[in-house]
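Novice: When you get a sec, could you give me coordinates for this:
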Amino acid sequence: MLLAAALALAEPAALPEGAALTEAVRARDAELFALVFEGCDPDRLRAMITPDFEMYHDRDGVVARNAEAFVADYARDCAAQRAPDAWRSRRALVEGSLNVHPVPHYGAMEEGVHVFYERRGNGPERLAGRARFFHLWTLAPDGWRLARVFSYAHEALNE
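Specialist: From the prediction side, this is the model:
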């Protein structure tokens, strides 16, 4: 009985197919970016990424090589966001740019284009930039977790 329970936990969750896969990844992507840019909950972020999470950025270089470093940086940013005149950012997926591809027995690859908005304190929001992204998601027994991020082709934009 104990062996059967352990084996069930080790088996990957059933991967959705077609449009269901795209919608599952789109929803998790939206949840993650709302948390990263507009929320502040390090424990929740840690639960949304894999322990061996890595992020690479064409301007900032290697942003993180593990979840602990990424979450620690996020927690510091959260503290800075409490200042009334702090810069605040928001990310929006460019409609029609999202592509999701299954990775059998693992999860999914996600690619697309997103734009970023920023504002100082409670001031007006302005369009600040655009970039392409490639994410590798794993479907764990407890849900989707982000494993790898490649963020590239950044360009400044002015509204």
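
Novice: Output the contacting helices and strands for the longest helix along the chain.
Specialist: Counting by DSSP state H, the longest helix found in the chain is helix 18-38. Applying 3 or more Cβ pairs under 8 Å, 6 or more residues apart in numbering; DSSP states H and E, one finds that helix 18-38 contacts helix 42-48, strand 87-93, strand 99-103, strand 107-120, strand 126-140, strand 143-156. Any C-beta I mention is one placed from the backbone N, CA and C, and that applies to glycine too.

Novice: can I get those in JSON lines with mean pLDDT and distance to A67?
Specialist: Converted to JSON lines, the helices and strands packed on helix 18-38 look like this (pLDDT from 0 to 100; distance: least, Cβ to Cβ, whole Å):
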{"stretch": "helix 42-48", "mean pLDDT": "97", "distance to A67": "6"}
{"stretch": "strand 87-93", "mean pLDDT": "94", "distance to A67": "20"}
{"stretch": "strand 99-103", "mean pLDDT": "98", "distance to A67": "20"}
{"stretch": "strand 107-120", "mean pLDDT": "97", "distance to A67": "16"}
{"stretch": "strand 126-140", "mean pLDDT": "97", "distance to A67": "13"}
{"stretch": "strand 143-156", "mean pLDDT": "97", "distance to A67": "9"}
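
Novice: what's the closest of these to A14?
Specialist: strand 126-140 (8.2 Å; Cβ to Cβ).

Novice: tell me the contacts of the spatially most central residue of the chain?
Specialist: Centre of the chain computed as the mean C-alpha position; nearest residue by Cα atoms, centre = their mean is L32, 4.8 Å away. Under the criterion of Cβ atoms under 8 Å, 6 or more residues apart in numbering, the contact list for L32 reads L45, M48, L146.

Novice: quick one: the second one from D58, how far?
Specialist: Meaning M48. Going from M48 to D58 by Cβ to Cβ, to the nearest Å gives 23 Å.
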